[in-house]
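# Please work out how this folds:
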Amino acid sequence: MNRVCDVLDLVQAHPKGFSLNQVAAVTQLPKSSAYRYLITLEERRYVMRDPASGLFRMGAAFLPLQSQQLALLGDRVRPYLVRLRDGFDETANLGILDGYRVSYVEIVESPYSVRLAARPGDRDQLHCTALGKAIASTLDLDRVKAILAAEGMPRHTDSTITSLDAYVDELELTRARGYAVDDAENERDGRCVAVPLSGLNLPASISVSAPASRLQLDDIPKVAEALAEVAAELSASVG
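I've put the predicted structure just below:
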């Protein structure tokens, strides 16, 4: 029983994944025995294997607990999103990596009747959204490639990035400047700026989104600076 608990502690401590070698070391078991533990936990859906990396991580059996944690996270983050919304009168969002897509956990909508806003629980692809790019910029390149291979890179607008090489270049630019931009790549008349969050034990990002007519290209650095300030406070507080 203690060894099972040791494995479950690994699940919690390593949300990005852990290896068979780590399980063998923690449980002090031969690899063959540690592997049998993992197979049993996988069959019971407590862990799942990433086919690209071969690492194990939290499985679907923990979803009720995850839902509670995400609700708490949304409650903690919402005041920061309200601050962003009030600062720009545009929609502010919190997204996390959910499988191969970015899921909207918390949304504070713009007061304008015409606004760019998803709904909580909506899931978008990484290649065409600022939230997705910000998250992808924090991931290992092999993991990003595995996600894109599984999801594809369909064209949503004339501006959507559909080339892997171009997307890798975009992630390098995102890391260099500290923020991601969706310039009419997911919706034809939409624009979004996002920054990654750190210290949350899960890949996450926050963004401000608006119709392109209101969020001009010249406004992006100012929005990115505000997002970065909020992200630093939020990560310190929530993390």
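
# show me what contacts the most far-flung residue of the chain relative to its centre?
Of all residues in the chain, P30 has its C-alpha farthest from the mean position, at 34.7 Å, by C-alpha atoms, centre = their mean. By C-beta atoms under 8 Å, 6 or more residues apart in numbering, P30 lies in contact with A24. Placement of C-beta: from N, CA and C, glycine included.

# residue ranges of the helices in this protein, please?
Residue ranges of the helices in the chain, as given by DSSP state H, are 2-13, 20-27, 31-43, 63-88, 130-136, 141-151, 164-177, 220-238.

# Break this protein into its domains for me.
2-58, 63-238 (automatic domain parsing).

# Show the average pLDDT along the longest one.
This points to domain 63-238. When pLDDT is averaged along domain 63-238, the result is 90.

# again with the shortest one
Confidence over domain 2-58, taken as the mean pLDDT, stands at 78.

# Pick the most buried one from the helices of the chain.
helix 130-136 (a mean of 29; mean count of other C-beta atoms under 10 Å).

# what's that one in contact with?
For helix 130-136, the external contacting residues (C-beta under 8 Å, 6+ apart) are 93, 95-97, 101-102, 104, 124-127, 144, 147, 170-171, 174, 179-182, 192-196, 203-207, 209.

# Try it again at 6 Å.
95, 97, 102, 126, 144, 171, 174, 180-182, 192-196, 203, 205, 207 (C-beta atoms under 6 Å, 6 or more residues apart in numbering).

# now that helix, how far from the chain's geometric center?
7 Å (C-alpha atoms, centre = their mean, to the nearest Å).

# Could you do stretch 149-165 as well?
18 Å.

# What residues sit buried inside it?
M153, H156, T160, I161 (16 or more other C-beta atoms under 10 Å).

# Check stretch 209-222 too.
Buried, per 16+ other C-beta under 10 Å, within stretch 209-222: S209, A210, P211, A212, R214, L215, D219, I220.
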